[in-house]
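# got a predicted structure here, sequence first:
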Amino acid sequence: MARGVRGKRAWLYSIILLHYPRHVAETVDVLITAPVIPAYAHPGDAGADLHSAEALTLAPGERATVATGVSIALPDGFAAFVVPRSGMASKHGITIVNSPGTVDAGYRGEIKVTLLNTDADAEYAVAVGDRIAQLIVMPVTRARFVAVDRLPGSVRGDGGFGSTGTAALARAAHDSDSNTSGGIA
Ligand SMILES: O=c1ccn([C@H]2C[C@H](O)[C@@H](COP(=O)(O)OP(=O)(O)OP(=O)(O)O)O2)c(=O)[nH]1
């Protein structure tokens, strides 16, 4: 009986997997030397975890540039970005000062992570092997900057830095909903 249920469930999953719309991104070979090879924790994860190669303690408000022992050779046309781990940020206030840190394709040195403890009271201890950041490998376009006298117009124009406010758009959407949802008497 239980086997029948398991069989049905496996059959259902295979149907879902076959039909679930997915885009399988191409992988890229990145040459690496490292004590611990960065790994993606789950299928579909964008970032591979970087581990600390050293032990240290960050006092409240303190920052430190932390060794990972990882060096890579990216193909031309790619860059890697060192970004914080959300759990460390939300639970302990640990972030990366220069996030996202940019690793250039031509860089062969050790990737380091400049951690900052933003917590006002608690220190944060890092042990060797702890996952301290993640590395996102991405294709990057190299721009050809074309100097012009004047830029073409756009809907946004030069509005920026909070020009749309925080609540105004939601309020406008709500007002327009109320105006149209009155129904016909
Ligand atoms: O979080 C980071 C950011 C950068 N790097 C390495 C890889 C990168 O290729 C190199 C230089 O980084 P960046 O160009 O951001 O630093 P810079 O201060 O502009 O230095 P440089 O004058 O060497 O370009 O440092 C890291 O290891 N971790």
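Arrived safely, thanks for sending.
# residues in contact with stretch 62-74?
Residues from elsewhere that reach stretch 62-74 (C-beta atoms under 8 Å, 6 or more residues apart in numbering): 30-36, 38, 50-54, 56, 58, 80, 97, 103-105, 107-117, 126, 132-133, 135, 137. (C-beta placed from N, C-alpha, C; glycine too.)
# got a PyMOL select line for the buried ones in the residues you listed?
Buried residues among the contacts of stretch 62-74 (16 or more other C-beta atoms under 10 Å), as a PyMOL selection:
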select buried, resi 30+34+36+38+50+51+52+53+58+80+103+111+112+113+114+115+116+117+126+132+133+135+137
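# among the contacts of stretch 62-74, which lie within strands?
Among the contacts of stretch 62-74, DSSP state E puts 31-33, 50-51, 56, 58, 80, 103, 112-117, 126, 132-133, 135, 137 in strands.
# ok, which stretches of the protein are helices?
Here the chain has its helices, by DSSP state H, at 2-19, 86-92, 168-180.
# residues from the chain in reach of the ligand?
Counting by C-beta under 6 Å from any ligand atom, the residues of the chain close to the ligand are 82, 98, 101-104, 107, 111-113.
# which among the residues you listed gets closest to the ligand?
The closest of the residues of the chain next to the ligand to the ligand turns out to be residue 101 (C-beta to the nearest ligand atom; 1.9 Å).
# beta partners of that closest one?
In this entry, residue 101 is beta-bridged to residue 82, by DSSP bridges.
# any figure for the gap between it and residue 115?
From residue 101 across to residue 115, the span is 11 Å (C-beta to C-beta, to the nearest Å).
# same question for residue 138.
Taking C-beta to C-beta as the measure, residue 138 falls 22 Å from residue 115.
# what residues does the residue lying closest to residue 80 once chain neighbours are set aside make contact with?
Among residues not flanking residue 80 along the chain, residue 103 sits closest, at 4.0 Å (C-beta to C-beta, 6 or more residues apart in numbering). Contacts here follow C-beta under 8 Å, 6+ apart; on that basis residue 103 touches 72, 74, 79-82, 111, 135.
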